[in-house]
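Student: The sequence and its predicted three-dimensional model are supplied below.
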Amino acid sequence: MRISFVILGALLFLTACENDLNQAPPNIASSSSLTDYDGVLNAAYFYQLGSVTPMAVMGDFRADNALMFEPPFTDFDVFNADLPTMEDQFFGPFYTALYKSVLSANNVIQNSDDATQVGEAKFLRGLSYFKLVRVFGAVPLNLEAIPSTTDQSVLMRRSVEDIYNVVISDFQDAIAALDNSGLSDGRATRIAAQGMLGKVHVQRGDFAAAEAPLAAVINGAAAAGLSLQDSYEDVFGVEDDLNSEILFATQVSASIVDEYGFSEFWSWYGGLDTKSLEPLDSDLIDAFGGRESMDLRFPVVIDTSTFTASAKWTQEGGPDHDWIELRLADVILLYAETLNENGANAGTVLDLLDPIRDRAGLDELSEDDLDSQDDIREAIQDERRLELAFEGQRWFDLVRTGTVSQEMGENVNSDYFLFPVPVSEILSSFNVITQNDGY
């Protein structure tokens with residue numbers, strides 16, 4: 001049974017003129033008297049919906065997979081100070097939704113006596129702050145169900161290290177509290193938390209710490225009922241939501257009206273928004289080896305009738321496409337990367353790629369051809385680009401691997417590796433919240 005997004009009246013937020021971090025439910029004072037926190041926890045799941053499309057656009061349109069065509073949206077393809085013009089459609093909704101998810105999660109963590117509920121809330125809070133820190137860097141940190149409305153320090157941006165410490169701790173706590181029984185229902189699970197913890201460590205470049213949680217996923221996948229889909233095409237599409245490859249997805253339903261009031265991710269990728277009717281960057285076609293590519297992923301990722309958009313998220317059932325936060329192929333590639341960075345034997349690393357390449361109809365990679373750590377590192381990143389195209393991953397991979405300028409074909413100032421903090425948040429905090437350098 002899929003998650004029922006029950007949003008309690010107690011979780012209605014105050015007026016939009018207030019800072020999102022300081023918003024509180026009108027009757028929050030009585031929240032500790034609740035005995036059933038299912039609705040509050042479901043709210044934490046629900047608010048993830050508002051982060052989906054902004055994350056998709058930031059991950060692919062900022063990178064070399066997709067392009068904007070209508071000003072000012074073309075600011076996504078230019079590395080200068082103009083990007084804050086996109087606040088209303090992307091950065092603002094993203095920021096607001098995730099802090100609402102955090103606040104709901106905090107409520108469960110502080111008040112629920114159900115260890116599983118608390119574990120799920122820890123997972124969702126960790127996921128929220130992981131998204132926030134990757135997009136904005138330093139951000140305000142709130143761990144309270146009722147944040148102070150008078151203490152301005154709660155609004156001050158905390159260091160990236162501070163945020164990651166919370167993210168890591170939350171995923172570790174989720175691992176300890178959860179089992180894998182919620183996989184088929186789309187709930188947070190132990191194996192999803194293990195995968196996310198490994199992904200966090202890789203994002204930080206801490207490959208020594210990443211190896212154990214990623215290995216736990218690889219070694220525990222079969223017992224949890226996880227496996228690569230036989231066909232790449234079957235990973236995606238409404239009929240295949242929550243398939244055997246999915247560790248965690250933000251569930252989307254046309255019957256659930258979320259707070260994001262613009263074109264959804266599947267519309268952007270498919271060229272259905274007038275701001276980018278032909279979003280496909282030709283560089284991605286070249287990465288597949290051209291229009292005659294024999295890679296079986298090519299006709300799934302690329303609309304081969306027009307070569308101007310992606311076919312990965314079809315129009316049919318579009319509003320019901322789940323957004324994949326983490327899937328097994330992603331974890332396998334992260335684990336291969338981790339082993340390579342930790343000095344593992346080339347054959348051991350390349351063997352991990354075989355099932356992914358076999359599914360794509362490609363020859364297995366040989367250590368005779370890729371006999372150096374650098375060669376294997378590049379091969380893994382190339383594989384990640386093709387495997388995870390239009391899943392909101394590309395930009396964040398470029399940033400963490402230090403290859404933004406190399407892959408974008410220009411010298412990109414590192415100020416623009418991050419996105420602008422919503423100006424509305426800065427103003428409503430009376431400049432306690434500050435803007436990122438470069439904006």
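Tutor: Okay, I see it.
Student: just so I have it, where are all the helices in the stretch 101-250 of the chain?
Tutor: Listed in chain order, the helices of the stretch 101-250 of the chain (DSSP state H, counting those that start in this stretch) span 115-136, 160-177, 190-204, 207-224.
Student: Okay, buried residues for the last one please.
Tutor: Meaning helix 207-224. Buried residues in helix 207-224, defined by neighbour count with 16 or more other C-beta atoms under 10 Å: Phe207, Ala209, Ala210, Glu211, Pro213, Leu214, Ala215, Ala216, Val217, Ile218, Ala221, Ala224. C-beta coordinates here come from the backbone N, C-alpha and C atoms, glycine included.
Student: Next up, the contacts around the residue nearest to the first one when sequence neighbours are not counted.
Tutor: Counting by C-beta to C-beta, 6 or more residues apart in numbering, Phe207 lies nearest to Glu341, which is 4.1 Å off, once chain neighbours are set aside. Each residue near Glu341 by C-beta atoms under 8 Å, 6 or more residues apart in numbering is listed here: Phe207, Gln373, Arg377.
Student: circling back to that earlier point, can the helices of the stretch 101-250 of the chain go into JSON lines with extra columns for mean pLDDT and distance to Val300?
Tutor: Formatted as JSON lines, the helices of the stretch 101-250 of the chain follow (pLDDT from 0 to 100; distance: least, C-beta to C-beta, whole Å):
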{"stretch": "helix 115-136", "mean pLDDT": "98", "distance to Val300": "26"}
{"stretch": "helix 160-177", "mean pLDDT": "98", "distance to Val300": "30"}
{"stretch": "helix 190-204", "mean pLDDT": "98", "distance to Val300": "23"}
{"stretch": "helix 207-224", "mean pLDDT": "98", "distance to Val300": "22"}
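Student: wait, which of those helices is closest to Gly261?
Tutor: Gly261 lies closest to helix 115-136 among those, at 19.5 Å (C-beta to C-beta).
Student: relative to helix 160-177, how tilted is that closest one?
Tutor: Orientation check (axes from the mean of the first three to the mean of the last three C-alpha atoms, to 10 degrees): helix 115-136 against helix 160-177 gives 150 degrees.
Student: can you give me how far helix 115-136 is from the chain middle?
Tutor: Helix 115-136 has its C-alpha centroid displaced from the chain centroid by 11 Å (C-alpha atoms, centre = their mean, to the nearest Å).
Student: Can you mark which positions in it are buried?
Tutor: For helix 115-136, by 16+ other C-beta under 10 Å, it's 116-136.
Student: still on that earlier bit, for Arg297, state which of the contacts of Glu341 is nearest.
Tutor: For the contacts of Glu341, the nearest to Arg297 is Arg377 (20.9 Å; C-beta to C-beta).
Student: can you tell me how far the closest residue to the closest one other than its chain neighbours sits from Leu365?
Tutor: Counting by C-beta to C-beta, 6+ apart, the nearest residue to Arg377 once its immediate chain neighbours are dropped is Asn340, at 5.9 Å. Distance, Asn340 to Leu365, using C-beta to C-beta, to the nearest Å: 12 Å.
Student: Who has more neighbours out of these two?
Tutor: Higher neighbour count among Asn340 and Leu365: Asn340, with 24 against 20, using other C-beta atoms under 10 Å.
Student: Just say helix, strand or coil for the most centrally placed residue in the chain.
Tutor: For the chain, Glu325 is the residue whose C-alpha lies nearest the centre (C-alpha atoms, centre = their mean; 5.2 Å). Recorded secondary structure, Glu325: strand (DSSP: H, G, I helix; E, B strand; the rest coil).
Student: ok, it - contacts?
Tutor: If you count contacts by C-beta under 8 Å, 6+ apart, Glu325 has them with Leu127, Met196, Leu247, Phe248, Ala249, Thr250.
Student: What are the boundaries of the strands in the chain?
Tutor: 139-140, 157-158, 246-250, 323-327 (DSSP state E).
Student: Deepest-packed of those strands, please.
Tutor: Counting by mean count of other C-beta atoms under 10 Å, strand 139-140 has the highest mean neighbour count of the strands of the chain, with a mean of 25.
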